[in-house]
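Visitor: I'd like to go over a predicted model; first the sequence, then the structure.
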Amino acid sequence: MQAETPRLVLASASAARRALLAAAGLRFEVAAAAVDEDAIKAAARAEGVPAADTALLLAEAKARRVAAREPEALVIGADQMLVCEGRWFDKPADPEAARAQLRALRGRTHELVTAVVCWRGGGRVWQHVALPRLTMRNFSDAFLDAYLAREGEAVTASVGAYRLEGPGVQLFARIVGEHSSILGLPLLPLLEFLRGHGVLLR
C-alpha cells in the first residue's frame, strides 16, 4: 500500500496524530519540531493575519524545521487553533485555566482551524486547512466539576481542553466536520495527496 521512498516523517509529538496515521496503515517516523509557537502567534496577531493562515504558518514552521535535518523525507507538519467569536484560545496551562476556557466556550460554537503542510526537497509541496465547527451544549457547573475531576491534567493536552475520543464528547450538542480533522490532522485530504504524490498506491 505504501512505496519504500520517500520516508514519511511526522513533525509532531501529538499522540492523536500518531494514532491517526498508524490506524490508517502508514509507515512513518516521528520527529518533534522545536518552534516558538507563541512568538509566531503573537506576530500573526500583531499583523492581523487570519487564524487559518496562522495555523498554516505554524504547521509549515514545524515541517520546515524537521525537513532541514531530513532532506530526503516527506515531512508532515500540522497545527490546530481554536477560534470562538474572533477570540483565539491556547492550550490551558492548568485545570483551572481549562475551567475558565470551557465556561467561555459553553453554549457557543467554535472552529478548530486545523492545518497540515507537507515539505520535501527544500520546499512546501502541499497544504490544507480544515475548519470543523463544534457547538458546546449549555452544561451545568456540576457537570463541569465532574468532567474536570474525571479528566485531570489531560485537559491541558489539547487546545480545546477536551478529548473528543474520550469523555469530552459529552460537552457537545453538535459537531460538523471530519473526525480526524477535529483530532488534529485532516486525514482524508492528506491521504489523497499522498496517493497523488506516489507515496500510497492508488
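Guide: The structure has been received and is ready for your questions.

Visitor: distance of the residue of the chain positioned farthest from its centre from A149?
Guide: Outermost residue of the chain with respect to the C-alpha centroid, by Cα atoms, centre = their mean, is A142; its distance is 29.1 Å. Separation of A142 from A149 (Cβ to Cβ, to the nearest Å): 11 Å. (Glycine included, C-beta is placed from N, CA and C.)

Visitor: does P186 touch G177 like I think?
Guide: No. Using Cβ atoms under 8 Å, P186 makes no contact with G177, being 9.3 Å away.

Visitor: which residues are common contacts for the two?
Guide: Listed contacts common to P186 and G177 are A130; contacts here mean Cβ atoms under 8 Å, 6 or more residues apart in numbering.

Visitor: more neighbours: those two, which one.
Guide: P186 (25 against 16; other Cβ atoms under 10 Å).

Visitor: need the contact list for the nearest residue to the more buried one once chain neighbours are set aside.
Guide: Sequence neighbours aside, A130 is the residue nearest to P186 in space, at 4.1 Å (criterion: Cβ to Cβ, 6 or more residues apart in numbering). Contacts for A130 (Cβ under 8 Å, 6+ apart) come out as 112, 114-115, 177-178, 181, 186, 189.

Visitor: could you give the bridge partners of A130?
Guide: T114 (DSSP bridges).

Visitor: just the strands in this structure please.
Guide: For the chain, strands defined by DSSP state E occupy the ranges 8-10, 29-30, 74-84, 87-89, 109-120, 123-130, 133-136, 172-176.

Visitor: turn the ones you listed into a markdown table, including distance to A100 and mean pLDDT.
Guide: Compiled in a markdown table, the strands of the chain are given as follows (distance: least, Cβ to Cβ, whole Å; pLDDT from 0 to 100):
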| stretch | distance to A100 | mean pLDDT |
| --- | --- | --- |
| strand 8-10 | 32 | 98 |
| strand 29-30 | 32 | 97 |
| strand 74-84 | 13 | 97 |
| strand 87-89 | 10 | 95 |
| strand 109-120 | 15 | 97 |
| strand 123-130 | 27 | 97 |
| strand 133-136 | 14 | 98 |
| strand 172-176 | 19 | 98 |
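
Visitor: Serialize those strands to TSV and add fields for distance to E96.
Guide: Shown next, in TSV, are those (distance: least, Cβ to Cβ, whole Å):
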stretch	distance to E96
strand 8-10	32
strand 29-30	31
strand 74-84	18
strand 87-89	15
strand 109-120	20
strand 123-130	30
strand 133-136	18
strand 172-176	22
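
Visitor: of those strands, which is nearest S158?
Guide: Smallest distance to S158 across those (Cβ to Cβ): 8.3 Å, for strand 74-84.

Visitor: quickly run through the sheet partners of the closest one, with directions.
Guide: With DSSP bridges as the test, strand 74-84 pairs up with strand 8-10 (parallel), strand 87-89 (antiparallel), strand 109-120 (antiparallel).

Visitor: ok, longest helix in the protein?
Guide: helix 51-67 (DSSP state H).

Visitor: for stretch 162-180, the distance to its chain's centre please.
Guide: Distance of stretch 162-180 from the chain centroid (Cα atoms, centre = their mean, to the nearest Å) equals 14 Å.
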